[in-house]
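In: Prediction below, plus the sequence it came from.
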Amino acid sequence: MDYQSTSPKEVRALIREQKITGPTAGMSLGYTQANLVILKKEYAFDFLLFCQRNPKPCPLVDVSDIGSYTPSKIADGADIRKDIPKYRIYRDGILTEEVNDITAYWEDDMICFLLGCSFTFETPLLASGIPVRHIEEGCNVPMYKTNIPCAKAGKFEGPMVVSMRPMSSADAIRAVQITSRFPGVHGAPIQIGNPEEIGITDINKPDFGDAVTIKEGEVPVFWACGVTPQAVAMESKPSIMITHAPGCMFISDLKDTKLSVL
């Protein structure tokens with residue numbers, strides 16, 4: 001089904017009923033989507049500092065109180081344990097499970113971090129006539145680990161992850177202009193046209209998500225990505241980190257225009 005014009009509340013209800021269990025790109029256009037990281041209290045300060053030091057891949061949109069799973073600031077009545085299509089459970093840096101509901105995993109000392117997502121700026125890209133290939137092809141956005149190290153903060157360190165959208169050179173210039181207005185959802189691209197420069201050896205084999213078609217005359221455009229904490233979890237090995245599955249985001253009630261600086 002096409003959920004572009006469906007309200008965030010309605011989409012979250014379908015997710016909670018597990019009628020939507022896959023990527024959320026293109027859903028509830030005009031509303032902010034967010035990456036999720038859930039950690040126990042003992043790791044929270046280090047991760048908050050990590051986000052502060054790495055605002056491109058980890059732009060904070062909201063942080064819950066200890067033990068709270070309701071992000072009332074951006075989605076009143078939502079339940080972060082049930083309102084994301086698919087979650088990942090990392091234990092000591094190892095991905096152990098993918099589930100559709102984390103109620104059974106919730107602990108009273110957990111804290112939720114919601115980070116800006118590049119799906120948010122896809123609405124103004126589409127509105128400007130710039131095609132978004134993974135939406136066209138009905139698949140997940142391709143994401144790659146890079147050779148760019150994040151700034152370390154306490155326990156947390158690891159490589160930046162990027163998302164990629166292919167487009168013409170002219171559209172890439174316009175995309176820089178458009179996305180630079182949205183620093184709260186990764187802002188402008190970090191690299192255009194040269195994947196090897198950031199450590200990507202095979203553009204057709206993403207580390208997360210799906211490969212997409214790159215047409216003749218197009219260049220790959222890379223943005224910092226909120227899947228970065230998952231690569232960091234693999235390297236830093238907290239006892240438990242719960243995240244969204246790549247591409248399966250939390251859809252908030254926050255209008256994406258609220259995150260535009262212009």
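Out: Cool, the structure landed.
In: which is the next helix or strand following the helix-or-strand element of the chain with minimal mean pLDDT?
Out: For the chain, counting by mean pLDDT, DSSP states H and E, helix 122-127 ranks last in confidence among helices and strands (a mean of 92). Downstream of helix 122-127, the next assigned helix or strand under DSSP states H and E is helix 133-136.
In: Next one: Asp253 from Ile89, what distance?
Out: Asp253 is 27 Å from Ile89, where distance means Cβ to Cβ, to the nearest Å. For glycine as for every other residue, the C-beta is placed from the backbone atoms N, C-alpha and C.
In: ok, the residue lying closest to Phe156 once chain neighbours are set aside to Ile173 distance?
Out: Closest residue to Phe156 apart from its sequence neighbours, by Cβ to Cβ, 6 or more residues apart in numbering: Phe50 at 4.2 Å. According to Cβ to Cβ, Phe50 stands 32 Å off from Ile173.
In: more neighbours, the two?
Out: Phe50 (27 against 12; other Cβ atoms under 10 Å).
In: following the host helix or strand of that one, which helix or strand comes up?
Out: Using DSSP H and E, Phe50 falls within helix 41-53. Using DSSP H and E, the helix or strand that follows helix 41-53 towards the C-terminus is strand 60-63.
In: Can you list the buried residues in the helix or strand following that following strand?
Out: Downstream of strand 60-63, the first helix or strand assigned by DSSP H and E is strand 87-91. By neighbour count with 16 or more other Cβ atoms under 10 Å, strand 87-91 contains the buried residues 87-90.
In: Next: stretch 206-221.
Out: Across stretch 206-221, burial judged by 16+ other Cβ under 10 Å covers 206-212, 214, 218, 220-221.
In: Can you flag which of those belong to strands?
Out: Mapping the buried residues of stretch 206-221 onto strands (DSSP state E) picks out 218, 220-221.
In: I'd like to know which of those is nearest to Glu197.
Out: Nearest to Glu197 among those: Pro220, at 11.2 Å, using Cβ to Cβ.
In: what's across from the closest one in the sheet?
Out: Counting by DSSP bridges, Pro220 is bridged to Pro166.
In: For the stretch 151-262 of the chain, which segments count as helices?
Out: Secondary structure of the stretch 151-262 of the chain (DSSP state H, counting those that start in this stretch): helices at 169-179, 228-236.
In: Just put the ones in strands among the buried residues of stretch 206-221 in TSV and tack on pLDDT and distance to Pro166.
Out: Formatted as TSV, these follow (pLDDT from 0 to 100; distance: Cβ to Cβ, whole Å):
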residue	pLDDT	distance to Pro166
Glu218	97	4
Pro220	98	5
Val221	98	7
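In: Between those residues, which sits nearest Leu125?
Out: Out of those, the member with the shortest distance to Leu125 (by Cβ to Cβ) is Val221, at 10.3 Å.
In: Contact partners for the residue lying closest to Gln230 once chain neighbours are set aside?
Out: Setting aside the residues directly before and after it, Gln230 is nearest to Thr243 in space (Cβ to Cβ, 6+ apart), at 5.4 Å. If a contact means Cβ atoms under 8 Å, 6 or more residues apart in numbering, then Thr243 has 35-38, 87-88, 90, 227, 229-230, 233 as its contacts.
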